[in-house]
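>>> pasting the sequence and the predicted model now:
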Amino acid sequence: MPQETGLVDLHVNGHSGIDFLTATSPEEIRKATRSLKSHGVAGILASLITSEMSDLKRAVELIHEVANSQGADEAKILGFHFEGPCLAQERRGVHSPNLLKNPEPSLISQLLNFPNVKMITLAPELPGAIAAIKEISSSGVVASLGHTTAGKEIAEKAFDAGAQTVTHLFNGMEKDGGLVDVVLEREDVQFQLIIDDVHVSRDLVKKACDKALDRLIITTDALAPAGLGPGRYPFGDMEIEIRDGKALRLDGKLAGGIGTLNRSLEILDEIGYSRLKTLPAATSRPLKLINARL
């Protein structure tokens with residue numbers, strides 16, 4: 001896959017040993033964006049997981065500084081994706097349980113006041129979440145459902161309120177629950193999917209793509225160790241280990257992705273979908289969702 005196809009990833013936590021949340025210098029950020037570009041990625045959203053507001057502020061300032069002065073050898077930082085802190089405790093994954101919060105209006109205002117925020121992932125069943133989704137979407141930011149226990153009824157309310165997509169379909173939610181059914185049924189909803197033969201089985205990838213290939217957006221949920229080999233690496237306030245092709249917390253819990261968009265497209269080839277139909281899922285469609293250009 002030539003790099004000039006302009007692959008776009010809306011869920012990148014870091015790359016090449018650099019975690020966007022804990023990076024300490026512009027050069028560290030550039031190390032990650034250059035590594036991404038070398039893997040064929042032309043543009044990204046810098047994803048920041050649940051953290052203290054002071055840490056979020058520091059990370060945003062640093063990344064935004066780099067975004068304003070990037071070179072041609074870097075994947076372009078198109079904006080920010082905040083994954084949290086308004087997530088369900090039961091489906092938090094590796095997000096810190098003591099930092100999760102309900103989507104109070106003041107918190108949503110703080111998140112929306114950051115520069116160039118493009119997407120916020122939240123659980124729609126939390127108190128105040130439907131109002132928060134209306135606020136987020138009316139401000140021109142994409143509200144994405146994720147790390148959630150929501151069933152069919154709440155999912156419908158969330159999408160009716162303006163949510164446009166779901167973060168890593170099948171992960172951080174019931175794999176055969178009402179939310180998945182709603183996403184696959186509703187023509188107005190895009191779904192982001194990690195296709196790496198780790199997060200989601202090929203059977204589930206096929207289930208989703210047979211139903212709604214024209215609404216697929218491929219993401220990697222790439223962690224700092226993506227692009228590196230096996231070993232132990234920092235991720236936010238924890239340590240993760242890369243082994244057997246997976247990124248795992250030290251207790252064995254899946255922590256995120258180390259795959260590439262190119263490999264995702266190859267997997268879709270192998271399942272039997274034509275590149276003509278899958279390529280928009282990693283190029284034009286993610287750009288359209290966040291209203292951005294390379």
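Sure thing, it's come through. Residues are numbered from 1 along each chain as shown.

>>> from here on, just use CA atoms for contacts and neighbour counts.
Noted.

>>> check what pLDDT Arg249 gets.
Arg249 carries a pLDDT value of 86.

>>> from Phe114, how far off is it?
Taking C-alpha to C-alpha, to the nearest Å as the criterion, Arg249 is separated from Phe114 by 29 Å.

>>> ok, the two, which is more surrounded?
Taking neighbours as other C-alpha atoms under 10 Å, Arg249 and Phe114 compare with Arg249 leading, 21 against 15.

>>> ok, the more buried one - contacts?
94, 238-241, 255 (C-alpha atoms under 8 Å, 6 or more residues apart in numbering).

>>> most surrounded residue in the residues you listed?
Neighbour max across the contacts of Arg249 (other C-alpha under 10 Å) = Ile240, 25 neighbours.

>>> how about the nearest residue to that one, chain neighbours excluded?
Arg249 (4.4 Å; C-alpha to C-alpha, 6 or more residues apart in numbering).

>>> how about Thr148?
With sequence-adjacent residues excluded and distances taken as C-alpha to C-alpha, 6+ apart, Thr148 is closest to Ala123, at 4.8 Å.

>>> so the one you found touches Pro85, yeah?
No. Ala123 lies out of contact with Pro85 (C-alpha atoms under 8 Å); the separation is 9.4 Å.

>>> helices of the protein, start to end?
26-38, 53-67, 105-112, 129-138, 152-160, 178-185, 202-212, 261-271, 275-278, 284-289 (DSSP state H).

>>> and the last one, what other elements does it pack with?
Counting contacts by 3 or more C-alpha pairs under 8 Å, 6 or more residues apart in numbering; DSSP states H and E, helix 284-289 is packed against strand 7-12.

>>> now the strand it packs on - C-alpha only, CSV.
Only the C-alpha atoms of strand 7-12 are listed here, as CSV (Å, rounded to 0.1, in the frame of the first residue of the first chain):
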residue,chain,number,x,y,z
LEU,A,7,-4.2,6.5,5.5
VAL,A,8,-5.9,8.1,8.5
ASP,A,9,-6.2,6.7,12.0
LEU,A,10,-8.6,8.3,14.5
HIS,A,11,-7.3,6.4,17.5
VAL,A,12,-3.5,6.6,18.2
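
>>> that one versus helix 261-271: what angle between them?
Going by axes from the mean of the first three to the mean of the last three C-alpha atoms, to 10 degrees, strand 7-12 is angled at 110 degrees with respect to helix 261-271.

>>> could you list the low-pLDDT ranges of this protein?
1-5 (pLDDT under 70).

>>> could I get the helices of the chain in JSON lines, plus columns for distance to Ile18 and mean neighbour count?
Listed next are the helices of the chain as JSON lines, based on distance: least, C-alpha to C-alpha, whole Å; neighbours: other C-alpha atoms under 10 Å:
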{"stretch": "helix 26-38", "distance to Ile18": "6", "mean neighbour count": "21"}
{"stretch": "helix 53-67", "distance to Ile18": "12", "mean neighbour count": "17"}
{"stretch": "helix 105-112", "distance to Ile18": "23", "mean neighbour count": "15"}
{"stretch": "helix 129-138", "distance to Ile18": "29", "mean neighbour count": "21"}
{"stretch": "helix 152-160", "distance to Ile18": "34", "mean neighbour count": "19"}
{"stretch": "helix 178-185", "distance to Ile18": "32", "mean neighbour count": "20"}
{"stretch": "helix 202-212", "distance to Ile18": "29", "mean neighbour count": "15"}
{"stretch": "helix 261-271", "distance to Ile18": "19", "mean neighbour count": "18"}
{"stretch": "helix 275-278", "distance to Ile18": "29", "mean neighbour count": "13"}
{"stretch": "helix 284-289", "distance to Ile18": "23", "mean neighbour count": "19"}
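
>>> could you dump those helices to a markdown table with distance to Leu193?
Formatted as a markdown table, the helices of the chain follow (distance: least, C-alpha to C-alpha, whole Å):
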| stretch | distance to Leu193 |
| --- | --- |
| helix 26-38 | 19 |
| helix 53-67 | 25 |
| helix 105-112 | 24 |
| helix 129-138 | 21 |
| helix 152-160 | 17 |
| helix 178-185 | 12 |
| helix 202-212 | 8 |
| helix 261-271 | 10 |
| helix 275-278 | 12 |
| helix 284-289 | 12 |
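
>>> of these, which approaches Asp221 most closely?
Across the helices of the chain, the minimum distance to Asp221, taken as C-alpha to C-alpha, is reached by helix 261-271, at 10.3 Å.
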